[in-house]
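*Asks:* A predicted structure for the sequence below; I have some questions about it.
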Amino acid sequence: MTSMVPVSIASPVQPYSNLSSVKQLAESPGLNSIPSCYEYSNNHTDDQSTASDDPDEVSIPVIDFSLLSSTNLDQRLKVVQELGRACQEWGFFMVVNHGIPETLMKAIFDVSDEFFNLPEEEKIGYETKHVLDPIRCGTSFNASKEQIFFWRDFLKVFVHPEFHCPHNPKVFSDLLMDYVKRTRQMGRKLIGGISQSLGLEEDYIEKLLDLESGLLIFAANYYPPCPQPKLAMGMPPHSDHSLLTLLLQNGVGGLQIQHKGKWVNVNALPNSFLVNTGDHLEILSNGKYKSVLHRAAVNSEMKRISIAVTNGPSLDTNVGPASPLLTDDHGNEIPALYTPMTYREYLELQQVNKLDGKSCLDRVKIVPPTPST
Ligand SMILES: O=C(O)CCC(=O)C(=O)O
Ligand SMILES: [Fe+2]
């Protein structure tokens, strides 16, 4: 069997292959410190607070999903307002009463875990080459571009409008299809509520961004136990490219979001979904609903798996701020703050750069001219 350990422990900085897994490194016998190329905290002094700080845990807004289908209009209006507030004040909320069976949620974790446990040789076929390849497997974020690696392996699969799935484990495909069908419905309903919270028709975003052919990416993140968790980082501060991301974690915390300029820990109620706003909602809402910065810390005790489904526009829809949001109540024009771009172009732009805060979104932001004096 060929060795796929990314770096030798004796000589840490070695040519690195995208295929290598940090899982295999973490399982090397006697590993009690991390190679220097994983020392995030020592190399990001510009990131004012690093994972070595211990952020507070906060209560994030909770949305009762069942109320979005309520026939009681007052109840529905109330939950739409709550959704709008959660998007505007947090960019993050927890969804309960979503109707997705607990057994399916558990099965998705188990099958993802099984995938990461496949021999490295088997995962080679899914080496990450191009951001638009429908099945990609790798480590860190974009290991060919990074000097400091993240303590994370990943699998990313395009599951809509075309459904893809690795051949192994054998049960993956049926489970994933069911999971995607249900999370897609949930995402569309939430986006409908968010559309209304912006004062638009419920199906406005759906139609404008052609969500019938919207791109959904299933991402499983695997963070093995790390001998020096305060030095390493599972995923650095970033915003998601999506409209909305639906996230689950295997009961092990680690997700942190930036709220009012401070990093805070978020933990989900059992069987709830964590939902965050992405860059395309920020663009569409002309900056009203900002995408939220988040990151994943690691720990020394337990492996952590998170499962994200990103809900995005169709790849070829040009997305810019929604035109009804560019006029105020008095009919005055509001300047568009983002340059329209297709989702395809946006994904390619993100991939050629390092994952770095909101740097991709910054490239489509329009800087207003400074008033001449
Ligand atoms: O593991 C987590 O909690 C965060 C994952 C994440 O941010 C992502 O997949 O984009
Ligand atoms: Fe993310």
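*Replies:* Structure's in. What do you need? Note that the structure is predicted; figures quoted are calculated from it, not measured. Ligands and ions are numbered 1, 2, ... in the order given.

*Asks:* how about whichever residue of the chain sits closest to ligand 1, secondary structure?
*Replies:* For the chain and ligand 1, the shortest gap (CB to the nearest ligand atom) falls at S306, measuring 3.2 Å. Where C-beta positions appear, they are placed from N, C-alpha and C, glycine not excepted. Secondary structure, DSSP: H, G, I helix; E, B strand; the rest coil: S306 is strand.

*Asks:* gap between it and K123?
*Replies:* 18 Å (CB to CB, to the nearest Å).

*Asks:* Residues of the protein that sit close to ligand 1?
*Replies:* 219, 221, 235, 240, 247, 249, 254-255, 294, 296, 306, 308 (CB under 6 Å from any ligand atom).

*Asks:* L244 contacts F273, correct?
*Replies:* No - between L244 and F273 there is no contact under CB atoms under 8 Å: 10.4 Å.

*Asks:* ok, of the residues of the chain next to ligand 1, which come out buried?
*Replies:* Neighbour counting by 16 or more other CB atoms under 10 Å classes 219, 221, 235, 240, 247, 249, 254-255, 294, 296, 306, 308 among these as buried.

*Asks:* ranges for the strands of the stretch 201-350 of the chain?
*Replies:* Ranges of strands in the stretch 201-350 of the chain, per DSSP state E, counting those that start in this stretch, are 216-223, 235-238, 244-249, 255-259, 262-265, 273-277, 294-296, 304-311, 318-319, 341-342.

*Asks:* could you check the angle strand 244-249 makes with the fourth one?
*Replies:* Think strand 255-259. Angle of strand 255-259 versus strand 244-249, following axes from the mean of the first three to the mean of the last three CA atoms, to 10 degrees, is 140 degrees.

*Asks:* how about the CA coordinates for strand 255-259, as CSV?
*Replies:* Output in CSV follows, covering the C-alpha atoms of strand 255-259 (Å, rounded to 0.1, in the frame of the first residue of the first chain):
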residue,chain,number,x,y,z
LEU,A,255,-18.2,25.7,14.8
GLN,A,256,-17.6,29.4,15.6
ILE,A,257,-19.2,32.4,14.0
GLN,A,258,-18.3,36.0,14.0
HIS,A,259,-21.1,38.0,15.7
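
*Asks:* Give me the contact list for the helix or strand of the chain with the lowest mean pLDDT.
*Replies:* Of all helical and strand segments in the chain, the minimum by mean pLDDT, DSSP states H and E falls on strand 56-57, at a mean of 75. The set of residues external to strand 56-57 that reach it, using CB atoms under 8 Å, 6 or more residues apart in numbering, is 262, 264-267.
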